[in-house]
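A.B. asks: Mind looking at a prediction? Sequence and model below.
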Amino acid sequence: MSMTDPIAAFLTRIRNALRAGHPSVEVPKSNMNLAITGILKDEGYLEDFMVLDDRRQGLIHIDLKYRKNRPVIEKIQRVSKPGRRAYSSASDLPRVLGGMGIAIVSTSRGVITDKQARRENVGGEVLCTVY
């Protein structure tokens, strides 16, 4: 079965696991999922992750992060969708919660945060916002 929006499915798995209070979640491995997971870990939204070999596509095992029994990620939301892509220049990138959250952007220099895209003065497709 083909998935029309694998990034939305990835974000939904994380969102559902956080709401259910699970300590970890496994998602299908892809270069995009791996890049987004790496950014979330670097920004402090995830505890850790590791790539598992299941003799097919592979899986990413993500250890979710909680503080005082509450998820660190309050909201994780898809911005650009297959039916309506959202592109922004470096100056028009969204500021999530006035800079308290992050937007993850797919640029010509790879998948990076909105802050890094502004610093490097590159725009791109706004994949999702997290806070």
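C.D. replies: Yep, it's here.

A.B. asks: okay but residue 61 is in contact with residue 28, surely?
C.D. replies: No - counting by Cβ atoms under 8 Å, residue 61 sits too far from residue 28 to count as a contact (11.6 Å). Placement of C-beta: from N, CA and C, glycine included.

A.B. asks: average model confidence for the longest helix anywhere in the chain?
C.D. replies: What stands out as the longest helix in the chain, according to DSSP state H, is helix 6-20. Averaged across helix 6-20, pLDDT comes to 98.

A.B. asks: just the strands in this protein please.
C.D. replies: Residue ranges of the strands in the chain, as given by DSSP state E, are 24-28, 46-52, 59-64, 66-67, 70-71, 76-78, 87-88, 102-107, 110-113, 124-130.

A.B. asks: deepest of these, which one?
C.D. replies: Looking across the strands of the chain with neighbours counted as mean count of other Cβ atoms under 10 Å, the highest average goes to strand 102-107: a mean of 23.

A.B. asks: Of all the residues in stretch 114-121, which ones are buried?
C.D. replies: 114, 117-118 (16 or more other Cβ atoms under 10 Å).

A.B. asks: and those, which of them are in helices?
C.D. replies: Checked against DSSP H, the buried residues of stretch 114-121 include these in helices: 114, 117-118.

A.B. asks: Now do the longest helix of the chain against strand 124-130: the angle between them, please.
C.D. replies: Helix 6-20 runs at 10 degrees relative to strand 124-130, counting by axes from the mean of the first three to the mean of the last three Cα atoms, to 10 degrees.

A.B. asks: So what touches helix 6-20?
C.D. replies: Here helix 6-20 makes contact (Cβ atoms under 8 Å, 6 or more residues apart in numbering) with 3, 24-25, 27-28, 30, 32-33, 36, 62, 64, 71, 73, 76-78, 81, 127-128.
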